[in-house]
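[1] based on what follows, work out the 3D shape:
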Amino acid sequence: MTSRTDDTAHTENTHYANTWLFVPATRMDRVAKAFASGADAVIVDLEDTVALEDKASARKALQEYYAHADYRPVWVRISQAGSDEFAKDIKACEQMPNLAGIILPKAEQATDIESVHHLTRLSVIALIENARGLYQVDTMAKASGLRAFSYGFLDLCNDLNVQVGTPAADIIANQIRYQLILSSKIHQLAPPIDTVYPDFQDAKGLVARVQLWSQMGMAGMLCIHPKQVAVVQNALMPTAAEMEFARRVVTEYERHGQAVFKVEGEMVDAPVIERCQQLLKNSR
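    Numbering: from 1, shown residues only. Below is the predicted model of the structure:
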């Protein structure tokens with residue numbers, strides 16, 4: 001595998017997208033609406049949401065959108081490596097070098113990630129959707145062209161025989177998140193992107209999910225409906241109290257430069273200072 005330090009695809013990432021909104025390639029008219037929702041990234045889907053008989057026309061629609069004067073870079077979820085449609089999707093993407101990147105579903109091995117990257121010259125986000133892929137995460141994390149991981153939890157549950165909606169499923173989900181977070185950090189990838197929240201009517205549940213994965217150190221979420229975008233973004237915003245505390249910490253640190261001091265009765269040391277500096281930086 002190519003060394004990460006020799007690969008320029010990994011150095012692009014100074015800003016982490018928080019919201020990744022899916023649009024079926026059969027409904028390219030929704031792309032503009034997806035961007036209008038405020039989504040940080042739009043994913044045009046050539047895989048699960050497109051029936052086999054519609055694959056060719058979906059690729060054509062994507063290419064027509066790409067050629068339009070109003071084109072904005074989109075990510076494309078292609079078909080699974082090794083499938084009949086995979087090579088056709090790759091060929092289409094090779095002709096669109098200004099795509100934002102490729103989403104590789106059911107990722108299982110590093111060679112598939114590298115093949116996609118080298119053929120398209122685009123960054124790849126690998127979706128972990130089965131046990132084999134989960135087992136190979138640390139190996140795939142070294143692949144040339146890989147930007148980040150995400151995962152499909154319902155597919156993983158089916159493959160692992162986990163009952164969705166149970167406390168056991170929550171345990172498994174957090175274990176998956178932890179594994180992706182750790183591998184991403186060790187191999188200098190962007191933080192992983194959390195899986196979809198299927199009930200787009202449940203704003204309260206979505207907020208709770210966002211708070212969970214963001215507190216764990218993940219950086220974004222796959223969205224299936226435009227109304228989820230604002231909910232996710234608002235849930236990620238720090239509170240006024242958190243911002244005020246961060247400002248006081250940084251101001252006090254810059255004033256005297258001490259390594260340890262108190263703010264509002266709370267002991268502040270290097271990790272707290274760093275966290276507050278990062279919070280203020282991200283809010284600009």
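[2] pLDDT score for the most centrally placed residue in the chain?
    With distances taken as Cα atoms, centre = their mean, Ile193 lies nearest the centre of the chain, 3.1 Å away. If you check Ile193, the pLDDT there is 98.
[3] contacting residues for it?
    Under the criterion of Cβ atoms under 8 Å, 6 or more residues apart in numbering, the neighbours of Ile193 are Trp20, Ile125, Ala148, Phe149, Ser150, Met218, Ala219, Gly220, Met221, Leu222. The C-beta positions use only the backbone N, C-alpha and C, and glycine is treated the same way.
[4] quick one: least confident of these?
    Here the lowest pLDDT out of the contacts of Ile193 sits on Ala219, with 90.
[5] let's see the distance spanning stretch 264-272 from one end to the other.
    13 Å (Cα to Cα, to the nearest Å).
[6] if we can go back for a sec, looking at strand pairing, list the partners for the residue nearest to the centre of the chain.
    Applying DSSP bridges to Ile193 gives these bridge partners: Ser150, Gly220.
[7] how far away is it from Met221?
    Counting by Cβ to Cβ, to the nearest Å, the gap from Ile193 to Met221 is 6 Å.
[8] over to Gly165?
    Counting by Cβ to Cβ - Gly165 and Met221 are separated by 19 Å.
[9] can you give me the strands in the chain?
    With strands called from DSSP state E, the chain shows them at 19-24, 41-45, 75-77, 101-104, 124-128, 146-151, 193-194, 220-223, 261-263, 266-268.
[10] looking at those strands, which is nearest to Ser184?
    Among those, the nearest to Ser184 by Cβ to Cβ is strand 146-151 (6.1 Å).
[11] contacts for that closest one?
    Contacts of strand 146-151 (Cβ under 8 Å, 6+ apart): 9-10, 12-13, 20, 101, 103, 113, 117, 123-129, 134, 137, 140-141, 176, 180, 183-184, 189-195, 219, 222.
[12] among the residues you listed, the buried ones, what's the ChimeraX command?
    Buried residues within those, by 16 or more other Cβ atoms under 10 Å, are selected in ChimeraX with:
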select :9,10,13,20,101,103,113,117,123,124,125,126,127,128,129,134,137,140,141,176,180,183,184,189,190,191,192,193,194,195,219,222
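[13] buried residues in stretch 216-223?
    By neighbour count with 16+ other Cβ under 10 Å, stretch 216-223 contains the buried residues Met218, Ala219, Gly220, Met221, Leu222, Cys223.
[14] now do stretch 235-242
    The neighbour-count check on stretch 235-242 (16+ other Cβ under 10 Å) flags Ala235, Leu236 as buried.
[15] equivalent analysis for stretch 270-279, please.
    For stretch 270-279, a neighbour-count test (16+ other Cβ under 10 Å) marks Val272, Ile273, Cys276, Leu279 as buried.
[16] can you put those residues in JSON lines and add pLDDT?
    Listed next are the buried residues of stretch 270-279 as JSON lines, based on pLDDT from 0 to 100:
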{"residue": "Val272", "pLDDT": "87"}
{"residue": "Ile273", "pLDDT": "87"}
{"residue": "Cys276", "pLDDT": "82"}
{"residue": "Leu279", "pLDDT": "80"}
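[17] same list (these) but as CSV, adding distance to Glu85.
    As requested, the buried residues of stretch 270-279 are exported to CSV (distance: Cβ to Cβ, whole Å):
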residue, distance to Glu85
Val272, 51
Ile273, 51
Cys276, 48
Leu279, 44
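[18] take these and keep only those in helices.
    Val272, Ile273, Cys276, Leu279 (DSSP state H).
[19] gap between the third one and Ile181?
    So the one you mean is Cys276. 22 Å.
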